[in-house]
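Novice: Let's see this in three dimensions:
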Amino acid sequence: MDMLYLLIGIVLGGTATGVAFFYYYKSTNPLKPEEIRQLESERAALQIAQKLAEGKLANLQEESSSLRNEIRMERELNHRTSIALATRTEELKNLNQRLHEQKTDLESLQEKFQNQFKNLANEILEEKTKKFTDQNKINLGEILTPLREKIIEFERKVESTNKESIERNSALKEQIIGLRELNLQITKEAENLTKALKGESKTRGNWGEYMLESILEKSGLAKGEQYEVQVSMTNPEGRRLQPDVVVRLPAQKNIIIDSKVSLNAYERYCNADVAGQRELEIKNHLLSIRSHIKGLSEKNYQAMYQIGSLDFVLLFMPIEPAFSLAVQHDTELFLDAYDRNIVIVSPSTLIATLRTIASIWRQENQNKHALEIARQGGQLYDKFVAFTEDLMSVGKNLDTTSKSYQEAMKKLSDGRDNLIRKTERLKELGAKSTKFIDQNLLGSANE
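Specialist: So this is what the prediction gives:
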């Protein structure tokens, strides 16, 4: 680039020198008309060369400025990317640390909570054995047994939720590993793809069905629960339809996947040796896809009340190059299909879509578990409130058990980590309840 600038400078300098010499020579030595015309012609040529050189210089300066801007933008992008990666890494590290700390605290709380309840129940039963009548023993057992069962069930639910949280945090790593394995599988299947393209039409059809089934198996969705194949149904006009795959979504919604698009023209394109024949088969390939889009749109799966389909249908093309070739030579194809409520997907985009749906299902199940924990917690809270009410009633009505009653109340409300305070904490954390612990007990527990 510097050498080019030097050459341009030499040309410009030579031009200026030639012009100056011309005027000087003209003023001191009269020239013949032929010489004057020749010199004028040379001067014009030099001026043109000068303008061209100036234009090239301006272009080179503009290109140099553009390259510098691009380099600067790339550096800024790399810097921002590095910062974002470091931030995400630190967030993941902090999240894992908090998760570990919460798990440790929860296990400690569970153990302490269980031991305190167990000790309380045992001591009450031992102290009341000699003083209560058989009927009183039965009544007390009816109170404590359901409470103990609810506590054990609640602990099991909390442990299950904690395990699901750990699995959710490691889901990203598992998906990355799964995608890497899927890429290796696709590489191995590329050789089979070549054979399928050159085989019979039945072989090509089986290849498309195999690719779709393979992607569904790797998506994390459960067959028969979250997706079904070859579902037979009838539309409002009485026409029998059989979509290739129906993918279930939460809230009674579904997505239809169709894989019946013909790739015969693409096969002929791959086998063609003449440029003209290849161009013809590209046009036939696009016509085949557009014809299938039109037919698929006319089936109007969205209007079928039996499946509650979304507003679009996925048209699966099992061969990535066939999809790329169509989009490359018809830039309006994807948008035209979308206008007909059809979304064209390839193996790579379909697996990403199905993985997203699987993630939605996992989140839906976790939300259901959380609601169940809240419901169980509310029942536990109500049982505990009933237990405290019965215990207070026993204390008021049995003068002979006053001392035992006072000892039991101390276990409930005395000390920093008494049972009432811990149980009230369950309600503060979101446990659903329709009852309240007696205010006198709360007051004594918080003193």
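
Novice: Any figure for the gap between residue 264 and residue 292?
Specialist: 12 Å (C-beta to C-beta, to the nearest Å). All C-beta atoms are positioned from the backbone trio N, CA, C, and that covers glycine.

Novice: same thing with residue 344?
Specialist: 10 Å.

Novice: anything in contact with each of those two?
Specialist: residue 315 (C-beta atoms under 8 Å, 6 or more residues apart in numbering).

Novice: still on that earlier bit, which residue of residue 264 and residue 292 possesses the greater neighbour count?
Specialist: residue 292 (18 against 14; other C-beta atoms under 10 Å).

Novice: Quick check: pLDDT value at the more buried one.
Specialist: Residue 292 is assigned a pLDDT of 91 by the prediction.

Novice: roughly how far apart are it and residue 429?
Specialist: Counting by C-beta to C-beta - residue 292 and residue 429 are separated by 55 Å.

Novice: do residue 232 as well
Specialist: To residue 429, residue 232 is 49 Å away according to C-beta to C-beta.

Novice: what's the answer for residue 338, then?
Specialist: Distance, residue 338 to residue 429, using C-beta to C-beta: 46 Å.

Novice: And those two? Which one has more around it.
Specialist: Shown here are residue 338 and residue 429; by other C-beta under 10 Å, residue 338 has more neighbours (13 against 10).

Novice: Now do the longest helix along the chain: which elements does it pack against?
Specialist: Counting residues, the longest helix found in the chain (DSSP state H) is helix 33-129. Judged by 3 or more C-beta pairs under 8 Å, 6 or more residues apart in numbering; DSSP states H and E, the packing partners of helix 33-129 are helix 2-28, helix 134-169, helix 402-413, helix 419-428.

Novice: Show me the helices in the stretch 201-350 of the chain, by range?
Specialist: Along the stretch 201-350 of the chain, counting by DSSP state H, counting those that start in this stretch, helices occupy 201-218, 264-271, 275-299, 320-329, 333-339, 347-397.

Novice: Give me the mean pLDDT for the fifth one.
Specialist: It refers to helix 333-339. Computed over helix 333-339, the average pLDDT equals 89.

Novice: go on, the longest one?
Specialist: Helix 347-397 shows a mean pLDDT of 76.

Novice: Same question for stretch 44-59.
Specialist: On average, stretch 44-59 scores 82.

Novice: can you start the count at 239 instead of 1 from here on
Specialist: Right, with 239 as the first residue, what we last looked at is stretch 282-297.

Novice: Residue 300: neighbour count?
Specialist: Residue 300: 10 surrounding residues under other C-beta under 10 Å.

Novice: same question but for residue 333, I mixed them up
Specialist: 11.

Novice: and what of the one 5 residues further on?
Specialist: Per other C-beta under 10 Å, the neighbour tally for residue 338 reads 11.

Novice: And it, how close does it get to residue 394?
Specialist: In terms of C-beta to C-beta, residue 338 sits 21 Å off from residue 394.

Novice: The closest residue to residue 578 other than its chain neighbours: what's it in contact with?
Specialist: Once flanking residues are discounted, residue 578 sits nearest to residue 535: 3.9 Å by C-beta to C-beta, 6 or more residues apart in numbering. Residues near residue 535 by C-beta under 8 Å, 6+ apart: 578, 579, 580.

Novice: List just the nearest of those residues to residue 631.
Specialist: The closest of the contacts of residue 535 to residue 631 turns out to be residue 579 (C-beta to C-beta; 66.4 Å).

Novice: what's the distance between that closest one and residue 570?
Specialist: Following C-beta to C-beta, the distance that separates residue 579 from residue 570 is 16 Å.

Novice: Of those two, which one has the most company?
Specialist: Neighbour totals were compared for residue 579 and residue 570, and residue 579 leads with 17 against 9 (other C-beta under 10 Å).

Novice: Tell me, please, where in the stretch 339-488 of the chain the pLDDT is lower than the cut-off.
Specialist: Within the stretch 339-488 of the chain, the ranges that satisfy pLDDT under 70 run 340-341, 343-345, 347-348, 351-352, 354-356, 358-393, 395-445, 472-476.

Novice: what about 80?
Specialist: Within the stretch 339-488 of the chain, the ranges that satisfy pLDDT under 80 run 339-448, 469-480.

Novice: Wait, residue 494 touches residue 554, no?
Specialist: No - between residue 494 and residue 554 no contact is recorded; they are 10.4 Å apart, counting by C-beta atoms under 8 Å.

Novice: so what sits against both of the two?
Specialist: By C-beta under 8 Å, 6+ apart, no residue touches both residue 494 and residue 554.

Novice: Neighbours of residue 660, how many?
Specialist: 15.

Novice: any idea how far residue 667 is from it?
Specialist: Counting by C-beta to C-beta, the gap from residue 660 to residue 667 is 11 Å.

Novice: Check residue 568 too.
Specialist: Taking C-beta to C-beta, one finds residue 568 at 57 Å from residue 667.

Novice: And for residue 293?
Specialist: Counting by C-beta to C-beta - residue 293 and residue 667 are separated by 75 Å.

Novice: do the same with residue 550
Specialist: With C-beta to C-beta as the criterion, residue 550 and residue 667 are 41 Å apart.

Novice: hang on, isn't residue 483 packed against residue 467?
Specialist: Yes - between residue 483 and residue 467 there is a contact under C-beta under 8 Å: 5.4 Å.

Novice: Please say which of these two ends up with more neighbours.
Specialist: Higher neighbour count among residue 483 and residue 467: residue 483, with 24 against 16, using other C-beta under 10 Å.

Novice: what bridges to the nearest residue to the more buried one once chain neighbours are set aside?
Specialist: Distances taken as C-beta to C-beta, 6+ apart place residue 495 nearest to residue 483, at 4.0 Å, with adjacent residues excluded. Under DSSP bridges, the beta-bridge partners of residue 495 are residue 483, residue 552.

Novice: Surely residue 495 touches residue 556?
Specialist: No - applying C-beta under 8 Å as the test, residue 495 and residue 556 come out as separate, 11.3 Å apart.

Novice: Can you pull the residues that touch both of these two?
Specialist: Here residue 495 and residue 556 share the contacting residues residue 450, scored by C-beta under 8 Å, 6+ apart.

Novice: Could you check the pLDDT of the residue nearest to residue 483?
Specialist: pLDDT at residue 495 comes out at 89.
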